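[1] Sequence first, predicted coordinates after that:
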Amino acid sequence: MTNKEIKIAYTEYASIEELQPQDRLLAEAAVEAVALSYAPYSNFNVGAAVQFEDGEIVKGANQENAAYPSGLCAERTALFYASASRPDKAMTAIAIAAGQNGHICESPATPCGACRQVMAQYQSKGGKPMAVLLVGASKVWKFEKVDDLLPLIFDSI
Ligand code: THU
């Protein structure tokens, strides 16, 4: 028997202003995308912004529905739109921000498991690491690749 351990590395920034210019643009886009959320049931507004290898950014936000499971998280809304509209461009980063009652949440919102799995697949499709920026009002976490948020990724078929 061998005991093993997986360590996760990430960087914490005190605010969006501390980020490198390209990351800062992406984080700001995620914050802007919070306003695109349609969340009449949870009132939890989530915005996501995906950056491509050439720097272009597209946005998405959570969309809820009276038939609850028909709604979709911000991350997957942005990722599916990114792939469906620019199928040949690699996605190199995604930023996520959340808000309630018109204010960006202090702590970073962390993506659900299904969104992490979808990020993993687009990272694999693009063939380049996809960085993940989790943006809170008082701190920002940066993960250099999806693997850091989803160790032992399922990608075997
Ligand atoms: N939500 C997201 O958009 N992203 C996440 O990573 C977690 C949750 C949304 C789904 C739902 O519209 C609302 O937040 C409350 O769960």
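    Thanks, I have the structure now. Numbering: from 1, shown residues only.
[2] what does the protein put close to the ligand?
    Counting by Cβ under 6 Å from any ligand atom, the residues of the chain close to the ligand are 39, 42, 44, 46, 62, 64, 71, 73-75, 111-112, 115. Where C-beta positions appear, they are placed from N, C-alpha and C, glycine not excepted.
[3] Do you have the helices of the protein handy? List them.
    21-33, 74-85, 113-126 (DSSP state H).
[4] So which of those helices is nearest residue 50?
    Between residue 50 and the helices of the chain, the shortest gap by Cβ to Cβ is with helix 74-85, which sits at 4.3 Å.
[5] The helices of the chain into TSV, with extra columns for mean neighbour count and mean pLDDT?
    Shown next, in TSV, are the helices of the chain (neighbours: other Cβ atoms under 10 Å; pLDDT from 0 to 100):
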stretch	mean neighbour count	mean pLDDT
helix 21-33	20	98
helix 74-85	21	98
helix 113-126	17	97
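[6] buried ones in the top strand by length along the chain?
    When the chain is parsed with DSSP state E, its longest strand is strand 91-100. Across strand 91-100, burial judged by 16 or more other Cβ atoms under 10 Å covers 91-99.
[7] In terms of secondary structure, what does that strand contact?
    Counting contacts by 3 or more Cβ pairs under 8 Å, 6 or more residues apart in numbering; DSSP states H and E, strand 91-100 is packed against helix 21-33, strand 45-52, helix 74-85, helix 113-126, strand 131-135.
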